[in-house]
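# take a look and give me a structure for this.
(one chain, ligands or ions: 2)
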Amino acid sequence: MNTKDCVVIAIAGASASGKSLIANTIFNELCDELGTEQIGIISEDAYYRNQSHLSMDQRVLTNYDHPKAFDHDLLCEHLKALKNKQSVEIPAYSYTEHTRLAKTTTLTPKKIIIVEGILLLTDPQLRMQLDASVFIDTPLDICLMRRLKRDIEQRGRSMESVIQQYTKTVRPMFLQFIEPSKQHADIIVPRGGKNRIAADILKSRIRHILAK
Ligand SMILES: Nc1ncnc2c1ncn2[C@@H]1O[C@H](COP(=O)(O)OP(=O)(O)O)[C@@H](O)[C@H]1O
Ligand SMILES: Nc1ccn([C@@H]2O[C@H](COP(=O)(O)O)[C@@H](O)[C@H]2O)c(=O)n1
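Ligands and ions are numbered 1, 2, ... in the order given. Below is the predicted model of the structure:
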């Protein structure tokens, strides 16, 4: 990590490994402490491709765990713009509609940007924009249990659909793309979202950058 105007910290790892939880814990606690002006947070999921031109039957067939499912060019463009002190319009995504929504959210330039997502470390052009990267290393069986509960409670899925998607795409794409991308991480965090020591270490590193 360094003394740039905008430092981008990536948090990657398997689906339901706890990326959003740890990213949001760090973000919310630092915002409470330091205010909202200095730190921003972005989810890679906001950059899933728009599929409004496809029928619902076609949308459910998409492999959402393959790098092609994401518009990484747009995410990269947004990180570059933020580094150039320009605001960006973050897309909004619906897991129930499997497509982007019409609205966007404005993100103004920040000294620290936390970006979290499954495939962030797989893309060389994205890696160029990252100043530090963390990989959340939670065992896959734990991720599956967390995903089952979350997707049924929050993403409108049935148990059968979660298991079918997990077997067909989530697990194979983890093994093909996400797991090997761990080699690009600077820090590996076991267990996930409630690893308090990891959250505190990342928070103190961010405080240190902001104090410069
Ligand atoms: N250490 C943990 N213990 C218990 N539940 C957790 C833990 N980490 C995450 N969770 C829960 O598991 C689910 C998936 O976590 P989330 O942060 O959304 O994962 P990701 O962003 O990696 O997909 C959420 O419901 C979250 O609250
Ligand atoms: N329409 C969609 C889009 C994505 N997914 C799944 O979301 C996972 C990534 O999000 P996490 O918060 O879990 O990191 C990914 O594994 C996709 O399978 C989906 O089910 N439907």
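
# check whether stretch 186-201 comes near ligand 1.
Yes: using Cβ under 6 Å from any ligand atom, stretch 186-201 reaches ligand 1 at 191-194. C-beta coordinates here come from the backbone N, C-alpha and C atoms, glycine included.

# what's the offset of stretch 190-206 from the middle of its chain?
Between the centre of stretch 190-206 and the centre of its chain there are 16 Å (Cα atoms, centre = their mean, to the nearest Å).

# count the neighbours of the residue in the chain that ligand 1 sits nearest to for me.
Proximity of the chain to ligand 1 (Cβ to the nearest ligand atom) peaks at G193, 2.8 Å away. G193: 20 surrounding residues under other Cβ atoms under 10 Å.

# what pairs with the longest strand seen in the chain, parallel or antiparallel?
Under DSSP state E, the strand in the chain containing the largest number of residues is strand 99-107. Paired neighbours of strand 99-107 in the sheet (DSSP bridges): strand 88-94 (antiparallel).

# what mean pLDDT does whichever strand or helix holds I136 get?
Using DSSP states H and E, the element containing I136 is strand 132-137. Strand 132-137 shows a mean pLDDT of 97.

# check stretch 53-70 too.
Here stretch 53-70 scores 97 as its mean pLDDT.

# with that, I have no additional questions.
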